[in-house]
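Trainee: Any chance you can model this:
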Amino acid sequence: MDQTIHPRLTLLSHPLVQHKLTIMRRRETPTGEFRALAREISMLMAYELTRDLPVEAVPIDTPLEPMMAPTIAGKKLCIVSILRAGDGIASGMLDLVPSARVGHVGLYRDPVTQRPVEYYLKLPDDVAERLVIVVDPMLATGHSAAAALSRLRAAGCANLRFACLLAAPEGLAVLAQAHPDVPVFTCAVDRALDEHAYIRPGLGDAGDRLFGTK
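Mentor: Reported below is the predicted structural model:
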């Protein structure tokens, strides 16, 4: 992956991820299957996103003898969903890390300025002490992701990561400018945005396809 697009970009190229993403892209894939695939890919993404979590040895008893066994050290991570489509990614990650805390950031695009406006924020009280993974299926213009990350920095969060199914070069450029130190994980970098800020070739409107609203 060309790191000039973003200095901390990771492309998740696992064959299972790519296969499932291809099915999601297909126009004829129905809502239920689309939602299930998003959940499955998100679980696989969470595996990669958490591979460097710190561990510590703790004493346990197996059925045969005592031992020192590894367990995740410190506070569990927090998954922050950018509403509404981010919930389709957060649910799959929670299947793998059910003890994770969950936060939500609600943003909408102002029709005049085209900039994100926050309408909802709910975070764990101790979010600043946790690894925070911000999730949204699509990184298109990048403005909502950048705004969400800025809001979390304002809440004291220093250990941040961003995860999406698809990214456009334009969105990656915005994040590289606004938050160059935040690692970005995606399953594909598509060609470009069209005049309506849709990712091409993309997969359509992820929120509508997740929730069957169109």
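Trainee: Now do the helices in the chain.
Mentor: Applying DSSP state H to the chain gives helices spanning 15-25, 31-49, 87-96, 143-154, 169-178, 206-211.
Trainee: Among those, which comes closest to residue 185?
Mentor: helix 31-49 (5.8 Å; C-beta to C-beta). The way it works is simple: take the backbone N, C-alpha and C, and place the C-beta from them, glycine included.
Trainee: so how far does stretch 193-206 reach from one end to the other?
Mentor: Terminal residues of stretch 193-206 lie 15 Å apart, using C-alpha to C-alpha, to the nearest Å.
Trainee: Quick check: buried residues in it?
Mentor: By neighbour count with 16 or more other C-beta atoms under 10 Å, stretch 193-206 contains the buried residues 193, 198-199, 202-204, 206.
Trainee: Ok, stretch 38-58 next?
Mentor: In stretch 38-58, counting by 16+ other C-beta under 10 Å, buried: 38-46, 49-50.
Trainee: ok, which pair from the residues you listed is furthest apart?
Mentor: Spatial extent of the buried residues of stretch 38-58 (C-beta to C-beta) is set by the pair 38 and 50 at 18.2 Å.
Trainee: related to what we said a few turns ago, the helices of the chain: which one's closest to residue 137?
Mentor: Once the helices of the chain are compared by C-beta to C-beta, helix 206-211 is nearest, at 3.8 Å.
Trainee: Okay, buried residues for the closest one please.
Mentor: Going by neighbour count (16+ other C-beta under 10 Å), the buried part of helix 206-211 is 206-207, 209-211.
Trainee: Present these as CSV; the columns should include pLDDT.
Mentor: What follows is the buried residues of helix 206-211, written out as CSV (pLDDT from 0 to 100):
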residue, pLDDT
206, 91
207, 89
209, 92
210, 93
211, 90
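Trainee: Poorly predicted segments of this protein, please.
Mentor: 1-4, 114 (pLDDT under 70).
Trainee: I'd guessed residue 133 sits against residue 49; true?
Mentor: Yes: contact status for residue 133 versus residue 49: in contact at 5.8 Å, counting by C-beta atoms under 8 Å.
Trainee: overlap in contacts of those two?
Mentor: Common neighbours of residue 133 and residue 49 (criterion: C-beta atoms under 8 Å, 6 or more residues apart in numbering): 93, 161, 163.
Trainee: so how far is stretch 173-186 off the chain centroid?
Mentor: 13 Å (C-alpha atoms, centre = their mean, to the nearest Å).
Trainee: what about that stretch, start to end distance?
Mentor: 14 Å.
Trainee: residues of it that come out buried?
Mentor: Counting neighbours by 16+ other C-beta under 10 Å, stretch 173-186 gives 174-176, 179, 182-186 as buried.
Trainee: closest to residue 125 among those?
Mentor: Scanning the buried residues of stretch 173-186 for proximity to residue 125, where the rule is C-beta to C-beta, the winner is residue 182, at 22.3 Å.
Trainee: ok, that closest one - contacts?
Mentor: Shown in contact with residue 182 (C-beta under 8 Å, 6+ apart): 8, 149, 160-162, 175.
Trainee: All set now, cheers.
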